[in-house]
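**Q** Make a model of this:
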Amino acid sequence: MNKSMTPASLYAGLIGSVLVVAGVIGFFYSASFGSPGSVDAVFGVLDVNAWHNIVHILTGAVGVFAFASGPRAARMYALIFGAIYIVVALWGFIIGGGESILGFIPINDEDNVLHTVLGLLGVGAGIASPEVEAGQARPAPG
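**A** Now for the predicted structure:
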């Protein structure tokens, strides 16, 4: 691992890429907009609709952008999106599987567990990564 590859960089690049791909794959299962509209389970496990797919694509794209922007942006992404995923997971556990967040993003128990894992990994990666001051030069690769 080169010196600029931090745990947060790995999280932003890997999780960001996976979320983009998951969002695209999700459209093959359900491209329905609505409240929540037609819902289908990706690989028979994770409930999605078009709104859920768009959220995955957008949050994943932000992660890929943060990865490309360097360790500081990746750390911010890991901490912020990790915290957001924890809140979404708690929200999902409170309202229960088979319901929808904000009335249009379907979730189930498997989504809640996945959001918990993504959240904890993000916060952990952010905490495990060194702070990089704005304007500070990136560490040299190698």
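**Q** What does the pLDDT read for residue 44?
**A** In this model, residue 44 is scored at 80, pLDDT.
**Q** what residue ranges in the chain score low on pLDDT?
**A** Within the chain, the stretches with pLDDT under 70 are 1-4, 134-142.
**Q** longest single helix anywhere in it?
**A** In the chain, with assignment by DSSP state H, the single longest helix is helix 71-95.
**Q** Surely residue 81 is in contact with residue 59?
**A** Yes. Counting by Cβ atoms under 8 Å, residue 81 touches residue 59, with 6.2 Å between them. Just so you know, the C-beta spots here come from the backbone N, C-alpha and C atoms, and that holds for glycine as well.
**Q** Please identify which of these two sits among more neighbours.
**A** residue 81 (26 against 19; other Cβ atoms under 10 Å).
**Q** Quick check: nearest residue in space to that one, chain neighbours excluded?
**A** With sequence-adjacent residues excluded and distances taken as Cβ to Cβ, 6 or more residues apart in numbering, residue 81 is closest to residue 122, at 5.4 Å.
**Q** how far away is that neighbour from residue 63?
**A** Residue 122 is 9 Å from residue 63, where distance means Cβ to Cβ, to the nearest Å.
**Q** what sits in contact with each of these two?
**A** Common neighbours of residue 122 and residue 63 (criterion: Cβ atoms under 8 Å, 6 or more residues apart in numbering): 11, 15, 77, 81.
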